[in-house]
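Undergrad: Pasted the sequence and its predicted model underneath.
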Amino acid sequence: MIKEIREPLIFEISAAGKRAAELPALDVPETKSLLAGVPLRAELEDFPEVSETEITRHFTRLSQKNYCVDLGLYPLGSCTMKYNPKVNERLSAHPAFAASHPLASEDLVQGNLEVLKKLEVFLCEIAGMDAFTLHPAAGAHGELVGMMLIRAALEARGNARKYVLIPDSAHGTNPSSAHICGYTVREIKSNDKGTIDLASLEAAMTDEVAALMVTNPNTLGVFESDICRIAEIVHAKGGLVYMDGANMNALTGIVRPGDMGVDVLHINLHKTFSTPHGGGGPGSGPVGVKKELAPFLPVPVIAEKAGRYVLDFDRPRSIGRIRAHFGHFSVIVRALCYILSLGPRGVREIAEFAVLNANYIRKSLEGEYHLKYTTASMHECVFSDKLQKEHGVTNLDIAKRLIDYGVHPPTMSFPLIVQGALMIEPTETESRRDLDIFIDAMKAIAREAKEAPEILKAAPHVTYVSRLDEVAAAKFPVLRWEKKA
Amino acid sequence: MSYLSLSDKDKKEMLAAAGVAKIDDLFCCIPEAVRLRRPLDLPAAQSELELVRTIEAIGRKNSAAGHLAFLGGGAYEHFIPTVVDSLSSRGEFVSPYTPYQPEVSQGTLQVIFEFQTLICQLTGLDIANASLYDGSTGTAEAVLMAQRITARNKVVLSRGLHPQFREVVRTYIKNLGVEAVEVGYGPDGRIDQGALGRLLDDKTAAVVYQSPNFFGVIEDIQALSGAAHGVKALSVAVVAEAVSLGLLEAPGKLGADIVTGEGQSFGIPLSFGGPYLGFMACKKEFLRQMPGRIAGQTVDKDGRRGFVLTLSTREQHIRRERATSNICTNQALCALRATIFMETLGKQGLREMARQNAQKSAYAAGRLGAVPGVKKRFTGPSFNEFVVELAKPWPAVDAGLKAKGLIGGYGLEPAYPELKNAALVCVTEMRTKNEIDRLAQALQEVLS
């Protein structure tokens, strides 16, 4: 609607004396010289002073500079940017939950505990696991908890071991989480199908290896068809199998990780279970385990006693507390709402149509873009810029040009095993019209790469800012506003 | 209810385009033996109206809603201006991903830049990150950061640090060869400086203290920082009640090297403990060791100002196992709420809110302290919480107050066995004089 929005920083429109909020006058007798001797601020130096109109305009204008799922396809691979149902937002903000204090005694929060318990039970059924904890704040936090559980279980068996095996296609959080849990990472090379090479795994799997961290489907969108054999190899040497469930959207109702030898996994509620990404969070990364690992789950655990829910802290083998309180509760409410809305058939349809949409895109773009691994795709497909590179065009140019066509770019340059990767995950909630807009744009860009590559190099052309200098940002960091001297 | 958008015709044509006869054929790569051949055991699908009824019925089982609460302890009921909900619930903020494509994410990125600036202003430090999960994990990250900076493996944790935060720190460091020792408090509720001096040595990476501490008592940050710096350890301040920063001197100005904490007080609903907002700020020489995302200012091809995520060579997607933290997804939407909150309250509003908290809490401490059988436990200066010691055991008093529709405080004995019959009482700007008087009256009746 408006072609140019220049919105200054709030500090640049601030003027002394303006206010956007007022409190009622203090209604208790004022205590003079309160906090005498305590260092107090003279004032909140440089804090903004604006009106409510200005606040509303500021954030509305800023909001218009964002692309979002509510606007169109957001095909970021392994991010599962599906539609976020509006009723879930409303219910998660219901005063019965929103005003609920985490230190209130359990008899006063039976509804909250029921929400938590219900989602745990549903996730156990969907993932085929024996127990779930909803404490982890995000996927990476779930990975850390999962690795702590593995360490605790192996310590209980007598030896925590030293190494964790991770395929070279894995997300960066996997090695980082294993490291923070005190393990040394050993990388497993992928084979020419893009999956775990069984011979390499067998060679690497010694009795000093604690676990394999596997993403299934992996970050290429390829299902590890040998998963049962993989689990056998790891288990035979006394190791455990951790599954990164970031790509669970391909599996719901079709196959359960717990049925294919997985001992521990995390699920991203902000991916598979439709809770919004919020421009980078909050997420939620529940962790599911098999029976052997259940005693080690973080405290508190929700238990049922005489028809009431209680918080069980008496867990002597627990890894301890991994976050204050009970997880990202309002995110958990949203995920519960989603599962209740969909029911058993609907949860299966998540995977069915996520995979159909991805394969529709893949077939439509094959030939136009290079596909390094031609193994069957699940919920996402990974093309590369190999064909366009011949014309000097990179995946970055393709991504930026997509913006001109009104579509968000796919995930770029990941997984690392595909040079110039364009990783595309449409999710199940997309209409054919939106899929076709994306496909047509990708085809047009492939033509432009041959005929007019300079258009791509200069893209995007329609945004409020043109291509931003990320190198300068890192070289000369300006990380906050400061008043001009 | 279904959120699919394909017609039957679309499905048929797309299956044909994908080169398969039926949906099931798309899953041929999954071994037959492990395929689930039954429907999931989940409740039948519900329409929106049924869902609303189901969830509201569960919500009604939360009887806490009917009580007047004086609970704090790291989660605070504060006034949230309507603009916070209204603006933060816009789809343009709620439904994007992390701003990896800056040209179509300038809204989110500018918000992060403003958030970082506000956190720097409040903490008195040079740089801040884009957020961490919450105050407890922020504290754990600060401990790990101090370990990396000093290459030392011992941290001193104040016993006045939130008990759950201490537990989380211990869980995080368990496998990393870091030792945590605790320093107790004196009769004023502040860290026992003598005891601290005896614990500090050349192996100490950091002194980690909360101010106002879990008892609501304001620590002497200058003295604690001096003690830490005396052995070349870092001074790490944890702020669990962010509103206090509106009135108290910035910890960075008093010597803190890292300030981390919980930003829930800034416009984020209590919501049974989450999602909340971890924040972290530090001196600029520690920039390379900072965990989490950071937004920075740059220019576009045409010289216009813009914002990007930057310095990502610290992060897991580049550095993998050598990253400063494994954090990826953070609390962006909560940071947005906090930014709207801080900018709406503004220079005068945040200070006034903090002043009213201190004043009302002082009034309440006076009123409750005058009730026979109630004694204020600590003599140190406090912000909006204080500890009372009661003539009767807390569970009995608590039950008596609940029967009168009040949650009078948080019993401290489970976390602090040495604090017999003690409870933590919190009074924010949300409690009126009448409500405080009602608590005093009820307490008198319960104790008599």
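TA: Structure's in. What do you need? Numbering: from 1, shown residues only, chains lettered A, B, ... in the order given.
Undergrad: all strands for the stretch 201-350 of chain A, in order.
TA: Assignment of strands within the stretch 201-350 of chain A using DSSP state E, counting those that start in this stretch yields the ranges A:209-215, A:240-245, A:264-267, A:287-289, A:301-305, A:308-312.
Undergrad: Which among the ones you listed is found nearest to chain B?
TA: Nearest to chain B, of all those, is strand A:308-312, at 9.4 Å by C-beta to the nearest C-beta. In this view, the C-beta of every residue, glycine as well, is placed from N, C-alpha and C.
Undergrad: Return the list of helices and strands in contact with that closest one.
TA: With contacts taken as 3 or more C-beta pairs under 8 Å, 6 or more residues apart in numbering or on different chains; DSSP states H and E, strand A:308-312 sits against helix A:110-127, strand A:301-305.
Undergrad: any idea of the angle it forms with strand A:301-305?
TA: Put simply, strand A:308-312 runs at 140 degrees to strand A:301-305, going by axes from the mean of the first three to the mean of the last three C-alpha atoms, to 10 degrees.
Undergrad: Could you list the paired strands of strand A:308-312 along with their orientation?
TA: With DSSP bridges as the test, strand A:308-312 is paired with strand A:301-305 (antiparallel).
Undergrad: Can you pull out the residues in contact with the partner strand?
TA: With contacts defined as C-beta atoms under 8 Å, 6 or more residues apart in numbering or on different chains, strand A:301-305 is touched by A:113, A:116-117, A:120, A:133, A:309-312, A:315, A:318.
Undergrad: hmm, try it at 7 Å
TA: For strand A:301-305, contacts defined as C-beta atoms under 7 Å, 6 or more residues apart in numbering or on different chains pick out A:113, A:116-117, A:120, A:309-312, A:315.
Undergrad: The stretch 301-448 of chain B: strands as residue ranges?
TA: Counting by DSSP E, counting those that start in this stretch, the strands of the stretch 301-448 of chain B are B:305-309, B:374-376, B:385-390, B:406-407, B:410-411, B:422-426.
Undergrad: Please tabulate the ones you listed in JSON lines, including the columns mean pLDDT, distance to chain A and mean neighbour count.
TA: Shown next, in JSON lines, are the strands of the stretch 301-448 of chain B (pLDDT from 0 to 100; distance: least, C-beta to the nearest C-beta, whole Å; neighbours: other C-beta atoms under 10 Å in any protein chain shown):
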{"stretch": "strand B:305-309", "mean pLDDT": "97", "distance to chain A": "4", "mean neighbour count": "24"}
{"stretch": "strand B:374-376", "mean pLDDT": "97", "distance to chain A": "14", "mean neighbour count": "18"}
{"stretch": "strand B:385-390", "mean pLDDT": "98", "distance to chain A": "12", "mean neighbour count": "25"}
{"stretch": "strand B:406-407", "mean pLDDT": "97", "distance to chain A": "6", "mean neighbour count": "20"}
{"stretch": "strand B:410-411", "mean pLDDT": "98", "distance to chain A": "5", "mean neighbour count": "24"}
{"stretch": "strand B:422-426", "mean pLDDT": "98", "distance to chain A": "9", "mean neighbour count": "25"}
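Undergrad: Next, format the ones you listed as JSON lines and append distance to B:T298.
TA: Output for the strands of the stretch 301-448 of chain B, formatted as JSON lines (distance: least, C-beta to C-beta, whole Å):
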{"stretch": "strand B:305-309", "distance to B:T298": "6"}
{"stretch": "strand B:374-376", "distance to B:T298": "53"}
{"stretch": "strand B:385-390", "distance to B:T298": "43"}
{"stretch": "strand B:406-407", "distance to B:T298": "49"}
{"stretch": "strand B:410-411", "distance to B:T298": "46"}
{"stretch": "strand B:422-426", "distance to B:T298": "43"}
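Undergrad: rewinding a little: of the contacts of strand A:301-305, buried ones?
TA: Among those, those classed as buried by 16 or more other C-beta atoms under 10 Å in any protein chain shown are A:113, A:116-117, A:120, A:309-310, A:315.
Undergrad: Give me the domain ranges for chain A.
TA: Chain A is divided into the following domains under automatic domain parsing: A:87-341, A:348-472.
Undergrad: Name the SS class of the closest residue to A:E120 other than its chain neighbours, please.
TA: Take A:E120 and drop its neighbours on the chain: the residue closest to it by C-beta to C-beta, 6 or more residues apart in numbering or on different chains is A:F132, 4.3 Å away. Following DSSP: H, G, I helix; E, B strand; the rest coil, the label given to A:F132 is strand.
Undergrad: is it true that A:F132 touches A:I126?
TA: No: in this structure A:F132 lies outside contact range of A:I126 using C-beta atoms under 7 Å: 9.9 Å.
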